[in-house]
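Visitor: just need the structure, nothing else, for what follows:
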Amino acid sequence: MARKTHFAGAVTFVTALGFTFASAELSGANAQQGVEAEITDSTQAPALTDETVPVFVSEPVIQPLPEAEEVTEAPQASSLRELVQITDISADLSREMECLAGTVYFESRGEPLTGQLAVAQVVINRAESSRFPSSYCGVVYQRSQFSFVKGGKMPRIARSSTAWKRAKAIARIAHEGHWDSEAQDSLYFHATYVRPSWSYRKAKRAAISTHIFYR
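Guide: This is a model prediction of the structure:
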């Protein structure tokens, strides 16, 4: 799921006709494309007919490719806050986007927008890495990875809250790559009030509010 850039194009097919020349002195037939046979006696040269006159295509034949998926363009915004405000969140979320937005909501709803975007970026980076499950939900529900997941389930979300609406916008912005995250290529993060042993072996990418992000 990875975010993709689609291109539409066309394939041009030009067909050229070849000629086959037969010789009575040979037991078989020789065929070469684009090579004229030598005629030793011009008086015996066969007259060209409609069947032997080469036909050339004056214009290339164009066969369009199937129409590509529409690419959503990023809304114009001067800040992440403005982008969150103008991002359309009216559509129902797919299960994958629900997992992404839910992680933003439970892990970072009290964080600044840059911190929420960084959390979403970690989920996306993991889904694109061969070291983790290949879907957002697979990443989120992987055992012992996110503390808010209890018994393989996500807690209840206050769906009418401003925090949830903001989390949905952040999830879409991250998923569609509409704003660069300070987390960059991070695959891990933890709160600043703890220091897990694995953090000493990772490369620090960013510290945003109460979270530190690592590759």
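Visitor: show me the helices in the chain, by range?
Guide: Assigned by DSSP state H, the helices in the chain fall at 80-86, 95-108, 113-128, 136-140, 162-175.
Visitor: so for the shortest one, what gets flagged as buried?
Guide: Burial within helix 136-140, assessed by neighbour count using 16 or more other C-beta atoms under 10 Å, is assigned to Tyr136, Cys137, Val139, Val140. For the C-beta atoms, the positions are set from N, CA and C on the backbone; glycine is no exception.
Visitor: and the residues you listed as CSV, adding pLDDT?
Guide: Below are the buried residues of helix 136-140 laid out as CSV (pLDDT from 0 to 100):
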residue, pLDDT
Tyr136, 98
Cys137, 98
Val139, 98
Val140, 98
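Visitor: among those, which pair sits farthest apart?
Guide: Based on C-beta to C-beta, the longest span within those runs between Cys137 and Val139 and measures 7.3 Å.
Visitor: now list whatever residues contact both of these two.
Guide: Contact criterion C-beta atoms under 8 Å, 6 or more residues apart in numbering; residues shared by Cys137 and Val139: Cys99.
Visitor: related to what we said a few turns ago, which of the helices of the chain sits closest to Arg201?
Guide: Closest among these, using C-beta to C-beta: helix 113-128, at 16.9 Å.
Visitor: packing partners of the closest one?
Guide: helix 80-86, helix 95-108, helix 136-140, helix 162-175, strand 188-191, strand 204-208, strand 211-214 (3 or more C-beta pairs under 8 Å, 6 or more residues apart in numbering; DSSP states H and E).
Visitor: ok, the fifth one: who's next to it in the sheet?
Guide: Spelled out, that is strand 188-191. With DSSP bridges as the test, strand 188-191 is paired with strand 211-214 (antiparallel).
Visitor: may I have the strand it pairs with as CSV, with CA atoms only?
Guide: Output of strand 211-214 as CSV, limited to C-alpha atoms (Å, rounded to 0.1, in the frame of the first residue of the first chain):
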residue,chain,number,x,y,z
HIS,A,211,8.3,11.0,21.6
ILE,A,212,11.7,10.1,20.1
PHE,A,213,11.9,8.5,16.7
TYR,A,214,14.5,6.0,15.4
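Visitor: right, I'll call it a day here.
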